[in-house]
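> Sharing a sequence plus its predicted fold:
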Amino acid sequence: MKQNIGEEICGEFLKNILGCDFITYNIVNPDIQGEIDVVGIKLIDKKIYVCEVATHTGGLQYVTNKRPDDYNRFYSKFKKDIEYAKTYFEGFTVIPMLWSPIVKISNKTAKYNTHSELTRLKEKIKSEYQLDLQLIINENYAQALDSLKDFASKTTSAFTSPVMRLFQIEKNLNKHIVRLKKRGLIE
């Protein structure tokens, strides 16, 4: 199964920014039903990144039986992801990550707050596994995109990743337009 755009962004970040040696997508866990969206392995540091990716442009919110279910859904996924990583990568530091560009933050009187539920999930993972669930959401997601764009703009060879190639073209086009404007060749 080919990765989706959000999974590719995550994988490219793991590879190009965090320096992972191996990236794999949609890895099927042989022990239980389910898959891990993105796994990155950094051999020299003995780190394994297990990432769940939800690329919803209208905001993250899974529902089960017409009720919000982000906490339960991601707790179940990360529990499986972490157990997989601990079983098959003994001696590696496990780093769980949740990637989602838009996570709404509701006011304190709202019945449901997705951001609060993810914070609660982060606390549960910390308590149960002594691991720091990294929430690559909202401004952290934007910063990750900016890091990838900056990396792409400093690389002269063409990328095989369509996402990275797009970032490379975009950044270099912007530089080109600025130069043309400075020289008075365009308005």
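Alright, I've got the coordinates.
> Please count neighbours and contacts with C-alpha atoms only from this point.
Fine.
> what about residue 42, neighbour count?
Using other CA atoms under 10 Å, residue 42 is surrounded by 19 other residues.
> Please apply the same query to residue 85.
Residues lying near residue 85 (other CA under 10 Å) number 22.
> In terms of helices and strands, where is it?
helix 70-88 (DSSP states H and E).
> For the helix or strand following that helix, which strands pair with it and how are they oriented?
Counting by DSSP H and E, the next helix or strand C-terminal to helix 70-88 is strand 93-100. Using DSSP bridges, the strands paired with strand 93-100 are strand 47-53 (parallel), strand 134-137 (parallel).
> For the helix or strand just after the shortest one, buried residues please.
By that I understand strand 134-137. Once the chain leaves strand 134-137, the next helix or strand it forms, by DSSP H and E, is helix 138-153. By neighbour count with 16 or more other CA atoms under 10 Å, helix 138-153 contains the buried residues 138, 141, 144, 145, 148, 149, 151, 152, 153.
> In terms of pLDDT, where does the nearest residue to the third one once chain neighbours are set aside sit?
Read that as residue 144. Leaving out its chain neighbours, the residue that sits closest to residue 144 by CA to CA, 6 or more residues apart in numbering is residue 13, at 7.0 Å. Note on residue 13: pLDDT of 98.
> Torsion angles phi and psi at residue 26?
Backbone torsions of residue 26, given as degrees, to the nearest 10, read phi 50, psi 50.
> How about the contacts made by the closest residue in space to it that isn't next to it in sequence?
Distances taken as CA to CA, 6+ apart place residue 37 nearest to residue 26, at 4.4 Å, with adjacent residues excluded. Applying CA atoms under 8 Å, 6 or more residues apart in numbering to residue 37 gives the contacts 7, 25, 26, 27, 50, 51, 52, 53.
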